[in-house]
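> My questions are about this predicted structure, shown below with the sequence.
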Amino acid sequence: MKKICVLTATRAEYGLLKRVIQKLQQKDSFDVRVVATGAHLSPEYGLTYKEIEEDGISIDEKIEILLSSDSSAAISKSMGLAMIGFADYFQRLKPDLLLVLGDRYETLSVCCVAMIQNIPIAHLYGGETTEGAVDEVIRHAISKMSYIHFTSTEAYRKRVIQLGEEPKRVFNVGALGVENALNEKLFNKNELEEALSWKLVKPYAVVTFHPVTLEKVSSEMQISELLKAVELNPQHQYIFTKSNADCDGRIINQLIDEFAKKHENCKVYHSLGMKCYLSAVKHANFVMGNSSSGIVEVPTFKIPTINIGDRQKGRVKAESVLDCKSSFEVIDMLIKNIPKKNSKVIINPYEKKGTSDLIIENIHHYLYCEEIELKKKFYDLEVR
């Protein structure tokens with residue numbers, strides 16, 4: 001039996017990984033160990049590790065790494081704590097594979113430890129570009145440390161190969177978020193209101209705004225512009241989900257909390273969980289912010305996305321995604337002229353049949369049918 005360690009540090013990441021974890025656990029050939037760290041263990045971010053346990057998934061280890069600050073120095077220290085904690089954990093566990101998703105600093109730290117301890121890494125969602133965030137650099141760094149690569153589009157598969165990774169180890173499997181959106185049994189409107197403890201009497205929007213770590217305009221300035229636009233449009237209700245644990249995440253959450261206290265048409269949630277979040281999106285008039293969810297999952301519901309700023313710049317996008325500057329005048333104009341839910345066919349470039357099954361099949365193949373050779377050769381492309 002091969003031992004697979006699955007890392008999760010945030011609510012969003014776990015929501016994407018949940019289906020894969022459950023299917024891996026159903027296989028007799030795998031011993032699956034889930035490790036929770038980062039924001040999952042923080043009261044400030046809603047202690048979201050409890051959602052994992054409520055889903056019937058046991059957590060093998062909880063490794064605390066967050067400090068009570070989100071400055072760049074504090075984030076750097078958290079990365080150091082992650083390396084110390086996971087060095088001890090991996091030494092005890094000795095996993096045959098580490099499965100990670102995404103591009104966060106916690107993931108980078110854990111992958112560094114796995115690399116030093118010669119633990120093969122399977123990485124979900126390399127090759128993507130997000131020019132407005134430090135995630136861009138982290139994602140490519142994780143790709144170079146990883147052995148098996150799962151991408152969400154063919155364009156991203158080609159980019160991982162462009163990084164020098166051998167094509168036979170790079171698989172376009174589509175996005176897990178889209179698979180969740182298509183297969184999860186979601187709440188109807190009444191059930192959603194009950195889950196939210198809030199009556200949705202007006203058309204509403206789901207809003208998620210994360211720190212912009214590489215943009216010249218500060219996160220505080222950008223969220224302030226968004227909130228100005230919201231204030232100018234009281235014809236909607238607004239469901240806010242809180243920011244992640246990056247630099248400036250706390251100031252974003254503080255400003256949203258203060259704003260919501262003064263505006264009855266706004267309500268803020270630490271974490272909705274995957275089912276409630278997707279249900280909220282399904283019944284929404286539009287989604288707004290700078291989260292990747294607005295790019296990847298939301299088009300599946302034919303819902304417009306107002307994508308603010310450059311955080312997601314460079315990603316493949318459906319026609320329903322409306323890019324705009326972080327200016328309240330522009331955001332206000334888009335809200336006032338938001339198109340209705342589109343009945344025409346919107347092609348979601350992240351959709352592919354059987355995403356989670358493709359991931360598990362390829363993991364099984366490499367752990368049982370291939371000899372893993374961590375001395376990777378650089379796959380050169382012809383330079384034109």
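Done, it's in. Numbering: from 1, shown residues only.
> Domain map for the protein?
Under the assignment automatic domain parsing, the domains of the chain span 2-173+353-368, 186-336.
> would you turn those domains into JSON lines with distance to Ile347, mean neighbour count and mean pLDDT?
Backbone N, C-alpha and C define where each C-beta goes, glycine included. Shown next, in JSON lines, are those (distance: least, C-beta to C-beta, whole Å; neighbours: other C-beta atoms under 10 Å; pLDDT from 0 to 100):
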{"stretch": "domain 2-173+353-368", "distance to Ile347": "12", "mean neighbour count": "19", "mean pLDDT": "96"}
{"stretch": "domain 186-336", "distance to Ile347": "7", "mean neighbour count": "20", "mean pLDDT": "94"}
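> Put together JSON lines for those, with distance to Ile346 on each row.
Output for these, formatted as JSON lines (distance: least, C-beta to C-beta, whole Å):
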{"stretch": "domain 2-173+353-368", "distance to Ile346": "15"}
{"stretch": "domain 186-336", "distance to Ile346": "5"}
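> can you map out the strands along this protein?
Assigned by DSSP state E, the chain shows strands spanning 2-8, 30-37, 59-63, 97-101, 121-124, 148-151, 170-172, 204-208, 237-241, 266-269, 286-289, 305-308, 321-324.
> which one of the ones you listed lies closest to Tyr89?
Among those, strand 59-63 comes nearest to Tyr89, with 5.6 Å by C-beta to C-beta.
> Which residues does the closest one contact?
For strand 59-63, the surrounding residues in contact (C-beta atoms under 8 Å, 6 or more residues apart in numbering) are 5, 33-37, 40-41, 49, 52-53, 82, 85-86, 89, 93.
> 7 Å instead?
Arg33, Val34, Val35, Ala36, Thr37, Leu41, Tyr49, Ile52, Glu53, Gly85, Phe86, Tyr89 (C-beta atoms under 7 Å, 6 or more residues apart in numbering).
> what's the nearest residue to Arg19 if we skip its chain neighbours?
Closest residue to Arg19 apart from its sequence neighbours, by C-beta to C-beta, 6 or more residues apart in numbering: Ser356 at 4.8 Å.
> List the contacts of that neighbour.
Arg19, Val20, Lys23, Leu176, Glu179.
> what's the spacing between the third one and Glu179?
Computed as C-beta to C-beta, to the nearest Å, the Lys23 to Glu179 distance reads 11 Å.
> so what's the residue nearest to Ile148 when sequence neighbours are not counted up against?
Spatial nearest neighbour of Ile148, excluding adjacent residues (C-beta to C-beta, 6+ apart): Ala122 at 4.1 Å. The neighbourhood of Ala122, defined by C-beta under 7 Å, 6+ apart, consists of Leu97, Leu99, Ser146, Tyr147, Ile148, Phe150, Ile363.
> will you turn the contacts of Ser356 into CSV that also has distance to Val212?
Shown next, in CSV, are the contacts of Ser356 (distance: C-beta to C-beta, whole Å):
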residue, distance to Val212
Arg19, 30
Val20, 29
Lys23, 35
Leu176, 25
Glu179, 28
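> Quickly name whichever of the residues you listed is closest to Tyr238.
Leu176 (26.8 Å).
> Any chance of TSV for the strands of the chain, columns distance to Ser279?
Below are the strands of the chain laid out as TSV (distance: least, C-beta to C-beta, whole Å):
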stretch	distance to Ser279
strand 2-8	21
strand 30-37	24
strand 59-63	25
strand 97-101	22
strand 121-124	24
strand 148-151	26
strand 170-172	28
strand 204-208	10
strand 237-241	11
strand 266-269	13
strand 286-289	13
strand 305-308	17
strand 321-324	21
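> Out of those strands, which gets nearest to Ile142?
strand 121-124 (5.5 Å).
> Just the C-alphas of the closest one, formatted as CSV.
Output of strand 121-124 as CSV, limited to C-alpha atoms (Å, rounded to 0.1, in the frame of the first residue of the first chain):
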residue,chain,number,x,y,z
ILE,A,121,5.5,15.7,-5.5
ALA,A,122,2.3,15.7,-7.6
HIS,A,123,1.2,19.3,-8.3
LEU,A,124,-2.2,20.4,-9.3
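> Next one: Leu381 relative to Ala39, how far apart?
Note on Leu381: its distance to Ala39, by C-beta to C-beta, is 38 Å.
> again, but for Lys144
Noted for Lys144: a distance of 25 Å to Ala39, by C-beta to C-beta.
> what does Leu374 give?
30 Å.
> ok, now Tyr105?
Taking C-beta to C-beta, one finds Tyr105 at 12 Å from Ala39.
> where do the contact lists of those two overlap?
By C-beta under 7 Å, 6+ apart, Tyr105 and Ala39 have no common neighbours.
> Might one say that Ile65 is in contact with Met83?
No. The criterion here is C-beta atoms under 7 Å, and Ile65 misses it with Met83 at 9.1 Å.
> Stretch 294-301: end-to-end distance?
End-to-end distance of stretch 294-301 (C-alpha to C-alpha, to the nearest Å): 11 Å.
> Thanks a lot, catch you later.
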